[in-house]
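have a look at this prediction, sequence included:
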Amino acid sequence: MLSVDPTNLILTVVNLLVLLVALKIFLFKPVQKIIADRQAEADKQFGEAAARQAEADGLKAQYADSLAGIEDEKKKTLQAARKDADAQYQKIVAEAESKARQIKEDATAEAQHQKAQIIKGAEKEIADMVVDAATKVVGKQSGAEIDRSLYNEFLDKAGE
């Protein structure tokens with residue numbers, strides 16, 4: 001059977017208590033300190049990550065605002081360019097219409113001038129033909145016959 005010796009039991013309990021105190025001092029406290037340090041490091045990294053995320057969100061919002069501003073500026077610039085182009089187009093069209101009107105007026109004046117010259121030339125030719133016919137007829141006949149022959153010769157030459 002088993003016998004229990006009170007001294008042995010007390011020493012065993014004391015040994016267990018000493019071992020428990022030694023484990024607590026040399027094992028549990030350093031392990032708890034390491035765990036606490038690691039937890040603090042993890043919390044610090046989570047905090048830094050949260051700060052970086054907040055900074056990234058701020059930069060993203062700033063970028064979106066900047067992009068919207070650039071988009072508005074682009075629209076304004078395009079609108080101004082279209083306005084300038086339209087004004088320039090209207091100016092070019094007005095100049096072209098003015099030049100066309102001037103060319104038309106010049107061509108009309110030139111045509112009238114040429115018409116007047118052609119009429120003067122034709123009148124001169126007709127007068128020359130009448131004088132030639134009168135000279136030829138006067139030399140051959142006299143009186144009513146001269147008039148009749150001049151008239152006939154004039155009609156013949158005018159028909160040519």
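Here it is on my side, so go on. Note that the structure is predicted; figures quoted are calculated from it, not measured. Residues are numbered from 1 along each chain as shown.

and the helix or strand harbouring Lys44, what other elements does it pack with?
Remark: Lys44 resides in helix 29-140, with elements defined by DSSP states H and E. In terms of contacts (3 or more CB pairs under 8 Å, 6 or more residues apart in numbering; DSSP states H and E), helix 29-140 is packed against helix 144-159. Where C-beta positions appear, they are placed from N, C-alpha and C, glycine not excepted.

average model confidence for the helix it packs on?
For helix 144-159, mean pLDDT rounds to 71.

off-centre distance for the helix holding Lys44?
In this view, helix 29-140 has its centroid 9 Å away from the chain centroid, taken as CA atoms, centre = their mean, to the nearest Å.

do the same with stretch 21-40
That offset, for stretch 21-40, works out to 70 Å (CA atoms, centre = their mean).

so where's this protein uncertain?
By pLDDT under 70, the low-scoring segments of the chain are 1-2, 133-134, 137-147, 150, 159-160.

redo that, cut-off 90
Scanning the chain for pLDDT under 90 picks out the ranges 1-9, 12, 119-160.

and the one residue sitting closest to the centre of it, how far is that from Leu67?
Most central in the chain under CA atoms, centre = their mean is Leu78, positioned 5.7 Å from the mean C-alpha point. Separation of Leu78 from Leu67 (CB to CB, to the nearest Å) stands at 16 Å.

next: Val130.
92 Å.

again with Thr108
Distance from Thr108 to Leu67, by CB to CB: 60 Å.

neighbours of Ala127, just the number please.
10 (other CB atoms under 10 Å).
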